[in-house]
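Q: 3D model of this:
(one chain, ligands or ions: 1)
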Amino acid sequence: MSENASLQSRRVAAIPRGVATAYPVFAERAENSELWDRDGRRFIDFAGGIAVLNTGHRHPKVIAAVKAQLDAFTHTAFQIVPYEPYIALCEKLNKLAPFKGEAKSILFSTGAEAVENAMKIARAHTGRTNVIAFSGSFHGRTLFTSALTGKVAPYKKKFGPMPAGVWHVPFPVPQDNVTVADSLRAIEYLFRADVDPANVAAIIIEPVQGEGGFHPAPVELLQALRKICDDHGIVLVADEVQTGFARTGKLFGIENSGVEPDLITIAKSLAGGFPLSGVVGKAAIMDAPDPGGLGGTYAGSPIACAAALAVLDVIEEERLLDRSNALGERIKGELGRISQRNDTVPMGFVRGPGAMVAFDVLKGRGGSEPDADATKRVTQAALAEGLVLLSCGVHANTIRILMPLTISDEILAEGMGKLERALVAANG
Ligand code: PMP
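A: Model prediction:
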């Protein structure tokens, strides 16, 4: 029996099915945009641990910073004996985040925790209870973030009742014929039929929906939300857990729109593979909760803070914002060419800012009907080719490309070749 097969049977026996795994291959080691499994097979990594590795696996600068921190101390709990890396990281985030006035930051461990705390901060600031989120959104798997997430199965199914005070409006997606006007009309109806805007604490939106299918929030929508929030004293929250840290060609995805949010949630690529998340926001809002109301035993781990400080240096030194845009252009160009072939699965809607690129797998060429089965065949064929590839989307028919931004041109070309062969192999 192969090592992978034996690990897979141990995994099935020891671990519940609720934590699904995409592939039955087990990691042995990884370096930048490549990883190797326990049977010695090499893969190119277009998943980046779900958008965590914009600076690649084990970036030497990140590893050096973590090793130095390991030799100093690993945990004191910031709430008991604080430490400089937490402060230094927050100072840096306050400077880098797109706020005109004074900003403050607080750190946690997971994306869901960041979103939970953004909601607590918004409620404390406004003294209000309701929150508006979008259909198709993903904000996490804790109970409140499951409530915010705009998809029932598998995130809410069997887990109810969901916490109260959460309302969803449609997210504009051209493929689904939902326009910005539809979204704004739904908010108008919501304010008229169900919720007093004077009792809405926050509107939360991903600048590009991630799990929901890599759908960019149109600039007109973000501008209109800003106005609604200003008119009614509502806190506008940008969930940048997936869009952050150079993926969209900007440090924060919302910067592509020029709209200034009130709070930003961050995680994933912030710390290059170490668990770290946070909320960055306008200082007056961030200071609303009382002392002791926010925090967590591991929140802002010194090891993860050291990693994040190195990640931010790497993004600057290696000019990863420019690299993100260049990689995105190249990938979109390649996908445009591949989609002209008539022997691949039907593809369309190549999209995304910077290197946050995706396309849809469709039932027919030139159509828009989603094909989830063919999408599954593409990711399976990619694995057989030696490429770790992720799908997403409310219709499970989107292929997203999340390779490290530090990938070399050669390995990117090799990975795109594997993707092209997978798209052909999955046809029919
Ligand atoms: N928000 C967004 C936009 C995400 O993409 C995710 C994770 N996919 C989360 C929140 C939750 O992050 P975590 O899994 O670290 O809790």
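
Q: CA only for contacts and neighbour counts going forward, please
A: OK.

Q: Geometric centre of this structure: which residue is closest?
A: Central residue of the chain (CA atoms, centre = their mean): Q242, 1.6 Å from the mean position.

Q: quick one: that residue and A97, what's the gap?
A: From Q242 across to A97, the span is 16 Å (CA to CA, to the nearest Å).

Q: and what of T142?
A: Applying CA to CA to T142 and A97 gives a distance of 26 Å.

Q: more neighbours, the two?
A: A97 (21 against 14; other CA atoms under 10 Å).

Q: surely that one meets F252?
A: Yes - using CA atoms under 8 Å, A97 is in contact with F252, at 7.4 Å.

Q: And for E414, the neighbour number?
A: Around E414 there are 14 residues (other CA under 10 Å).

Q: which element is it on?
A: Taking DSSP states H and E as the definition, E414 sits inside helix 409-425.

Q: tell me what that helix is packed against?
A: Packing partners of helix 409-425 (3 or more CA pairs under 8 Å, 6 or more residues apart in numbering; DSSP states H and E): helix 320-340, helix 372-385, strand 387-388.

Q: Name the residues that touch stretch 229-244?
A: 51-52, 111, 115, 118, 122, 126, 139, 197-198, 200-208, 210, 225-226, 228, 250-254, 261-270, 356 (CA atoms under 8 Å, 6 or more residues apart in numbering).

Q: how about that stretch against the ligand, any contact?
A: Yes - Stretch 229-244 lies within reach of the ligand by CA under 6 Å from any ligand atom, at D239, E240, V241, Q242.

Q: Next step: those residues restricted to helices.
A: When DSSP state H defines the helices, the subset of these inside them is empty.

Q: mind giving me CSV with those and columns for distance to A425?
A: Compiled in CSV, those are given as follows (distance: CA to CA, whole Å):
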residue, distance to A425
D239, 36
E240, 35
V241, 33
Q242, 30
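
Q: quick check, nearest of those to Y298?
A: Nearest to Y298 out of the residues of stretch 229-244 next to the ligand is V241 (CA to CA; 18.5 Å).

Q: Pull the number of nearby residues for the closest one.
A: Number of residues near V241 (other CA under 10 Å) recorded here: 31.

Q: List the residues that contact the closest residue to T379 other than its chain neighbours.
A: Leaving aside its chain neighbours, T379 sits nearest to L389 (5.7 Å; criterion: CA to CA, 6 or more residues apart in numbering). The contact partners of L389, taken as CA under 8 Å, 6+ apart, are D45, F46, A47, T379, A382, L383, I399, R400, I401.

Q: before we move on, what about L294?
A: N117.

Q: Tell me, what's the model's pLDDT at it?
A: pLDDT for L294: 98.

Q: For it, give me phi and psi.
A: Dihedral angles phi and psi of L294 (degrees, to the nearest 10) take the values phi -120, psi 160.

Q: go on, the one 4 residues further on?
A: Y298 has phi and psi values of phi -100, psi 0 when expressed as degrees, to the nearest 10.

Q: I'd like the numbering to begin with 476 instead of 1 from here.
A: Okay, residue one is now 476; in that scheme the one you just asked about reads as Y773.

Q: where's it relative to I555, distance?
A: Noted for Y773: a distance of 11 Å to I555, by CA to CA.

Q: okay, these two: which has more neighbours?
A: The residue with more neighbours, out of Y773 and I555, is Y773; 17 against 8, by other CA under 10 Å.

Q: Quick check: that one touching F583?
A: Yes - counting by CA under 8 Å, Y773 touches F583, with 7.3 Å between them.

Q: Now do the helices in the chain.
A: Going by DSSP H, the chain shows helices at 478-489, 523-526, 535-547, 559-571, 586-601, 618-623, 655-668, 694-707, 758-761, 777-792, 795-815, 847-860, 884-900.

Q: Now render the ones you listed as CSV, adding mean pLDDT and distance to R516.
A: Conversion of the helices of the chain to CSV gives the following (pLDDT from 0 to 100; distance: least, CA to CA, whole Å):
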stretch, mean pLDDT, distance to R516
helix 478-489, 97, 10
helix 523-526, 98, 17
helix 535-547, 98, 23
helix 559-571, 98, 37
helix 586-601, 98, 31
helix 618-623, 98, 36
helix 655-668, 98, 46
helix 694-707, 98, 43
helix 758-761, 98, 47
helix 777-792, 98, 28
helix 795-815, 98, 25
helix 847-860, 98, 10
helix 884-900, 98, 15
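
Q: tell me which residues in stretch 806-820 are buried?
A: Residues of stretch 806-820 classed as buried by neighbour count (16 or more other CA atoms under 10 Å): I806, K807, L810, G811, I813, S814, T819, V820.

Q: Tell me the one among those residues nearest to K631.
A: Nearest to K631 among the buried residues of stretch 806-820 is V820, at 31.7 Å by CA to CA.

Q: can you count the residues close to the residue nearest to that closest one when sequence neighbours are not counted?
A: Leaving out its chain neighbours, the residue that sits closest to V820 by CA to CA, 6+ apart is N902, at 4.5 Å. With neighbours defined by other CA under 10 Å, the count for N902 comes to 15.

Q: my read: N902 touches N817, true?
A: No - contact criterion CA under 8 Å: N902 and N817 do not qualify, at 9.7 Å.

Q: Could you measure from A656 over to the ligand?
A: 23 Å (CA to the nearest ligand atom, to the nearest Å).
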